[in-house]
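> what would the 3D arrangement of this be:
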Amino acid sequence: MANWDLSEIRTKTRQLSGRTSLSELNNNQLDEYINKYLQYEFPAEVKLNRNYTYYEFTTLYHQQLYDFPTNYTNFVPEAYVDNLNTLFYQDPDKFEAENPQNVQRFTTWTGDGATTGFTNTFSSNVPIQKESVVIDDTVEVFTDNGLGVLTGNQGGTGTVDYETGAISVTFNTAPISGQGIYASFVQQITGKPTAILMYNNQFKMYPVPDRAYRIRLKAWTLELVRPASGANQETFINATDRPLLDEWGPCIAFGTARRIVSDFGELDQYAMLTPLYKEQVDYILTRTHIDLESTRALPMF
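Predicted structure coming up:
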């Protein structure tokens, strides 16, 4: 059986798009088209069990947010913490309602019209959650950047130690005599996470991890290419690189050719290639459909 490596996909794509000459489309340009299709269109068209896997990472001490990795497209329930099932949310409103993080407010200092610097240690309310601190005297407002730095909107500066609760601010202009100076923040709840929110390209843990925990989620991987040697990768690099399944080769060629003729305004050719491309997608999805035939749909309750 022929191997659909990058070299073969290039040849097929040139035939389908009519770009048989390097002067019309050189290999670097063609490879860019192929890899863009592979990264952005192919995963949207084709969901294969072959690409269904686990994404795992380990939490860090007192870190609540974790950025999405770049080599996965989708994350789906269930989610696990140290191999135990945990709640998985995609709606931030529901997550916040069921896992509240209450803001605590204090009138900590009083202005005298001359003093600009104020300090206090909230040792009974630690740890303080990062990015939650707000200090104000109704004129200048200090906000927390999550790195221990407080910045006033009038030019003042300050610091916060999340572990000890020590907060220090220096106002640009001294608060007037008798003016209350207010501090608010969220006291961080720590422990083993019992809920995970997937939102804004991040995973949010509740409670905030108090040590390292192993997080595992089901995901669709973007590692669609196997090189002649080494680990699987996201894009074609060398002419001998092959898709994970050789049967994807024609689909990649048709999909790339369709994108090329579209970019050049050749809509008749685009219309002709589209049903042939969809046919290739159907061929690939047959494998997944057969797998699902023996799977009973789960009730929604």
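> quick check: buried residues in whatever helix or strand Asp93 lives in?
In this structure, Asp93 sits in helix 92-98 according to DSSP states H and E. Using 16 or more other Cβ atoms under 10 Å as the burial criterion, the residues of helix 92-98 that qualify are Phe95. Yep, even glycine has a C-beta here, placed from its N, CA and C like the rest.
> contact partners of that helix?
With Cβ atoms under 8 Å, 6 or more residues apart in numbering as the test, helix 92-98 has contacts from Leu87, Tyr89, Ala195, Leu197, Tyr199, Asn200, Lys204, Tyr206.
> distance between the longest helix out of those in the chain and the chain's centre?
Criterion DSSP state H: the longest helix present in the chain is helix 267-293. Here helix 267-293 shows a centroid-to-chain-centroid distance of 29 Å under the convention Cα atoms, centre = their mean, to the nearest Å.
> ok, stretch 39-46 next?
17 Å.
> now do stretch 131-149
Using Cα atoms, centre = their mean, the offset of stretch 131-149 from its chain centre is 27 Å.
> and it, which residues are buried?
Result for stretch 131-149 [16+ other Cβ under 10 Å]: buried residues Glu131, Ser132, Val133, Val134, Ile135, Asp136, Asp137, Glu140, Val141, Phe142, Thr143, Asp144.
> and the second one, what's its pLDDT?
According to the per-residue confidence, Ser132 scores 94 in pLDDT.
> how far away is it from Ala212?
23 Å (Cβ to Cβ, to the nearest Å).
> and the first one, by the same measure?
Note on Glu131: its distance to Ala212, by Cβ to Cβ, is 22 Å.
> output the below-cut-off pLDDT ranges for this protein.
The model of the chain has pLDDT under 70 over residues 1-2, 48-50, 287-301.
> all helices of it, in order?
Using DSSP H, helices in the chain cover 6-17, 27-36, 42-45, 92-98, 248-263, 267-293.
> export the helix holding Asp93 to PDB, keeping only CA atoms.
What follows is helix 92-98, C-alpha atoms only, in PDB (Å, rounded to 0.1, in the frame of the first residue of the first chain):
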ATOM      1  CA  PRO A  92     -18.400  30.400  34.700                       C
ATOM      2  CA  ASP A  93     -21.700  31.700  36.200                       C
ATOM      3  CA  LYS A  94     -22.600  28.200  37.400                       C
ATOM      4  CA  PHE A  95     -19.100  27.600  38.600                       C
ATOM      5  CA  GLU A  96     -19.000  30.800  40.700                       C
ATOM      6  CA  ALA A  97     -22.500  30.200  42.100                       C
ATOM      7  CA  GLU A  98     -21.700  26.700  43.300                       C
END
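> show me how to select, in ChimeraX, the buried members of the contacts of helix 92-98.
Command for ChimeraX that selects the buried part of these, burial taken from 16+ other Cβ under 10 Å:
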select :87,89,195,197,204,206
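> list just the nearest of the contacts of helix 92-98 to Asp268.
Within the contacts of helix 92-98, distances to Asp268 taken as Cβ to Cβ reach their minimum at Asn200, with 42.4 Å.
> which ones are touching that closest one?
With Cβ under 8 Å, 6+ apart, Asn200 has these contacts: Pro92.
> for the one 3 residues further on, same thing?
The neighbourhood of Phe203, defined by Cβ under 8 Å, 6+ apart, consists of Leu65, Tyr66, Phe68, Ile196, Leu197, Ile215.
> among these, which lie within strands?
Among the contacts of Phe203, the members found in strands (DSSP state E) are Leu65, Tyr66, Ile196, Leu197, Ile215.
> phi first, then psi, for Arg19.
phi -100, psi 70 (degrees, to the nearest 10).
> can you tell me how far Lys12 sits from Tyr80?
Noted for Lys12: a distance of 42 Å to Tyr80, by Cβ to Cβ.
> pull the most distant pair out of the buried residues of stretch 131-149.
Glu131 and Asp137 (20.8 Å).
> returning to that earlier point: which of the contacts of Phe203 sits closest to Leu30?
Distance ranking of the contacts of Phe203 against Leu30, using Cβ to Cβ, places Phe68 first at 29.7 Å.
> ok, the residue nearest to Leu87 when sequence neighbours are not counted - contacts?
Closest residue in space to Leu87, ignoring its immediate chain neighbours: Ala195 at 4.2 Å, by Cβ to Cβ, 6 or more residues apart in numbering. Ala195 makes contacts with Thr86, Leu87, Phe88, Tyr89, Phe95, Glu98, Asn99, Met205, Tyr206, as judged by Cβ under 8 Å, 6+ apart.
> understood, closing this out.
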